[in-house]
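> The following comprises the amino acid sequence and a computationally predicted model.
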Amino acid sequence: MDDIPLAPTNDERKFYYHGFPSRPELVARSSTHTWSRRMHGWLPVEKTVGAVGEHSIVPKWNDETGPDSLRQQVINILHSEQADWHTIGILRIGYVDKDVFPVILCIAVGQGSSTWEQGISLAMQCRTVLEQHGLHDVHCEIRRSHAFNLTRRKFPCVIHQDNFASGTLLHPLSDQLGTSMTASDWPTREGKKGLYLRRKPCSAALATTDADAEEEVYVLTCRHVCFDESERGKWLPGSIAAPEKKVVQPGETTFTMKAKEIEAVKNSLQSEGTNANEWGSTVFWDDSRKQKELDRENKMLRDSTQAFELFKKRQGLESRIIGSIPYARAYNIRGNQELSDWCLIRLDSEAHENFSALANRVLIDGGDLYDRFRLKSSATKIAMLDDDHALQLRGMATLAELTQTLDSRHGTLNSFSLQDSKTFFVGKRGRSSGLTFGEVNQVKSVRRKVCDGTPTLIATELCILADARKVDASFSRCGDSGACVFDIAGRVVGTVTSGVGRDTILIGEDDFYLDRAVDITYVTPLEWSLQDMESCGLMMDIL
């Protein structure tokens, strides 16, 4: 057993995780290593997180079950101490300029367990359990963070987004994945259109009694995108009918912001067109080049004018209804500790093009996937984009693939190089963060969800990290709940459910400009969701 470390200094508490997007505070750690701020010239060196890769903790944490398993013993410690904890994760954490990335048992706690005395008790007990399992190189760190659903909240929030190019002005109204949507009874609580699914008959009897079932197309998203925690109950085949709840696309905040943005682009282009003759006389280009530039600006003006008119027609919520919710699962923990947090939106055929033309397509701007990842990923296949820069998703990545270790070079206890590692990369297009890419952590995380008036839920979820090669990057932000995560081979991985970041940001204490950054994103694999739906009598296929 290690000696008990000293309490962290004020600087250590604030800057120990310098480089994490949400800037969490250190509460306690089991390591006795003396900390000091590392500097590169005048600037402090950032820390970042990496996937575990090859390590003996992977099978011990993921596969062992029962009261004496490592995972259950850690959870029992937190319960016995009545800790105000949110998540447990196994990660590599280190400085961006070093190759040494130790494996750390990371526990995020809230205000109720944020004193050093509380934290060090948890850290040392967990360290003892790790040693009992032969994991002598793994330490425990307790940090003050908060796990939250990645829906957009009711309070006002300024979202920074770059202006759309003329070709993507209509993306918020399109049938592509990643667009904003919300329940009509709470139009400012926004999430993402996740994945198109088609219902298939469960049996021959269903096929004959429900002839239209095969033609029904649904959108998968998180329950908490469309239902507040105060809305209890489940609506599944064989149960009472779901209450009338319509879904609109896009949500009110996104709609207003995009309409104003498009109007500004249109007005600016109109002003430039008014001065076209004067502009043409002052620019020293030949006539053909001037004409090409004028033609380009005229096309942009037509595109923005068309987009603005389409937005004007959809100002009322009623004109943006895309469907309704017939099925919603109550929050529940399944047999392998997976959290059920999903609902299905049945699409209104009159609000869409023919269903035969619908497809799970994601806009990929900024270059094709091959050029981005051919040198960084171990993937044997990298998908090609369509001519309009969209990626069509086909098939599903299994949990076994997502959690397997990809590079035996990580076998050395603390040897981990960001530059040399080959990573399982995934991407998503979110309502708030746009298109981002990250990596799958091979070790499942544990999340504690507290709901008013219901038992506390302890759930296992897949952990996604921002690309560790990009300092201060986030894979997701608030407003991204329900977004579909995919791998670079074009397969579906799962659905964004929540993230963990520092809770002081959430209450406006400081650092408001971070816009609720998320260090770690939690995802429910599609494999789990489809199994859960099947157990409820819903046989679903990827469209």
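Thanks, I have the structure now.
> Can you list the low-confidence ranges for the stretch 151-300 of the chain?
151-167, 201-215, 240-243, 272-286 (pLDDT under 70).
> What segments of it are helices?
In the stretch 151-300 of the chain, the helices defined using DSSP state H, counting those that start in this stretch lie at 204-209, 223-226, 252-274, 276-282, 287-313.
> Quick one: the strands in the stretch 101-250 of the chain, in order.
Assigned by DSSP state E, counting those that start in this stretch, the stretch 101-250 of the chain shows strands spanning 103-109, 139-144, 146-149, 180-183, 191-192, 195-199, 217-221, 246-248.
> so what does the second one touch, helix or strand wise?
In terms of contacts (3 or more C-beta pairs under 8 Å, 6 or more residues apart in numbering; DSSP states H and E), strand 139-144 is packed against strand 25-29, strand 103-109, helix 116-132. No exception for glycine: its C-beta is placed from N, CA and C like everyone else's.
> same thing with the last one?
For strand 246-248, the elements it packs on are strand 180-183, strand 321-328, judged by 3+ C-beta pairs under 8 Å, 6+ apart.
> still on that earlier bit, so which of the strands of the stretch 101-250 of the chain is the most surrounded?
Mean neighbours per residue, mean count of other C-beta atoms under 10 Å, is largest over the strands of the stretch 101-250 of the chain for strand 191-192, with a mean of 30.
> what about it, distance to the chain center?
Taking the mean of its C-alpha atoms, strand 191-192 sits 10 Å from the chain's own mean (C-alpha atoms, centre = their mean, to the nearest Å).
> Tabulate the helices and strands packed on strand 246-248 in TSV, adding columns for distance to residue 299.
Shown next, in TSV, are those (distance: least, C-beta to C-beta, whole Å):
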stretch	distance to residue 299
strand 180-183	27
strand 321-328	29
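> For residue 91, find the nearest of these.
Judged by C-beta to C-beta, the one of those that comes nearest to residue 91 is strand 180-183, at 30.4 Å.
> C-alpha coordinates for that closest one, CSV please?
Output of strand 180-183 as CSV, limited to C-alpha atoms (Å, rounded to 0.1, in the frame of the first residue of the first chain):
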residue,chain,number,x,y,z
SER,A,180,-31.3,19.7,-35.1
MET,A,181,-34.7,18.5,-33.8
THR,A,182,-36.8,18.9,-30.7
ALA,A,183,-40.2,18.0,-29.3
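> i'd like the first residue to be 17 from this point on
I'll keep to 17 as the first residue from here, and by that count the last item is strand 196-199.
> Show residues contacting that strand.
Here strand 196-199 makes contact (C-beta atoms under 8 Å, 6 or more residues apart in numbering) with 188, 204-209, 235, 237, 241-243, 261-271, 338, 341, 361, 447, 495, 498.
> Show me what it pairs with in its sheet, parallel or antiparallel.
strand 207-208 (antiparallel), strand 262-264 (antiparallel) (DSSP bridges).
> I'd like these laid out as TSV, including distance to residue 540.
TSV is the format used below for the strands paired with strand 196-199 (distance: least, C-beta to C-beta, whole Å):
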stretch	distance to residue 540
strand 207-208	14
strand 262-264	20
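> Of all those, which one is nearest residue 490?
strand 207-208 (15.4 Å).
> now residue 194: how far from residue 111?
Relative to residue 111, residue 194 is positioned 34 Å away (C-beta to C-beta, to the nearest Å).
> who's more crowded, these two?
Shown here are residue 194 and residue 111; by other C-beta atoms under 10 Å, residue 194 has more neighbours (23 against 17).
> Wait, that one touches residue 208, no?
Yes: counting by C-beta atoms under 8 Å, residue 194 does reach residue 208; the two are 6.0 Å apart.
> quick one: stretch 379-387 to chain centroid distance?
Mean-position distance between stretch 379-387 and its chain equals 19 Å (C-alpha atoms, centre = their mean).
> in it, what counts as buried?
For stretch 379-387, burial by neighbour count (16 or more other C-beta atoms under 10 Å) applies to 379, 380, 385.
> Same question for stretch 251-271.
For stretch 251-271, a neighbour-count test (16+ other C-beta under 10 Å) marks 251-252, 258, 261-271 as buried.
> Tell me which of the helices and strands packed on strand 155-160 sits most buried.
Stretch with highest mean neighbour count among the helices and strands packed on strand 155-160: strand 119-125 (a mean of 25; mean count of other C-beta under 10 Å).
> any idea of the angle it forms with strand 155-160?
With axes from the mean of the first three to the mean of the last three C-alpha atoms, to 10 degrees applied, the angle from strand 119-125 to strand 155-160 works out at 30 degrees.
> just to revisit the earlier point, now tabulate the buried residues of stretch 251-271 in TSV and tack on distance to residue 329.
Conversion of these to TSV gives the following (distance: C-beta to C-beta, whole Å):
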residue	distance to residue 329
251	32
252	36
258	29
261	24
262	18
263	19
264	14
265	14
266	14
267	17
268	16
269	19
270	16
271	12
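> ok, those vs residue 547, which is closest?
residue 252 (14.5 Å).
> does the closest one really touch residue 549, like I thought?
No: using C-beta under 8 Å, residue 252 makes no contact with residue 549, being 9.0 Å away.
> I'd like the helices and strands packed on strand 155-160 as a markdown table, with mean pLDDT and distance to residue 332 appended.
A markdown table is the format used below for the helices and strands packed on strand 155-160 (pLDDT from 0 to 100; distance: least, C-beta to C-beta, whole Å):
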| stretch | mean pLDDT | distance to residue 332 |
| --- | --- | --- |
| strand 41-45 | 94 | 45 |
| strand 119-125 | 94 | 42 |
| helix 132-148 | 95 | 51 |
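> Figure out which of the ones you listed is closest to residue 407.
Nearest to residue 407, of all the helices and strands packed on strand 155-160, is strand 119-125, at 32.0 Å by C-beta to C-beta.
> got the residue ranges for the helices in the stretch 317-466 of the chain?
Shown for the stretch 317-466 of the chain, the helices assigned by DSSP H, counting those that start in this stretch span residues 385-389, 415-419.
> what's the first one in contact with?
Which is helix 385-389. Counting by C-beta under 8 Å, 6+ apart, helix 385-389 makes contact with 395, 398, 399, 400, 401, 407, 441, 453, 504, all of which sit outside it.
> ok, the fourth one to residue 408 distance?
Going back to what we said before, that points to residue 400. Distance, residue 400 to residue 408, by C-beta to C-beta: 10 Å.
> just the fifth one next, same as before
The spacing between residue 401 and residue 408, counted by C-beta to C-beta, is 9 Å.
> what about residue 53, neighbour count?
The tally of other residues near residue 53 (other C-beta under 10 Å) stands at 11.
> err, residue 408, not the other one
Applying other C-beta under 10 Å, we find 13 residues neighbouring residue 408.
> Kindly report the same for residue 451.
Residue 451: 14 neighbours (other C-beta under 10 Å).
> which ones are touching it?
Shown in contact with residue 451 (C-beta under 8 Å, 6+ apart): 194, 379, 380, 381, 382, 443, 444, 445.
> So what's the gap between stretch 309-322 and the chain middle?
Centroid separation for stretch 309-322 versus its chain: 35 Å, with C-alpha atoms, centre = their mean.
> Noted, bye for now.
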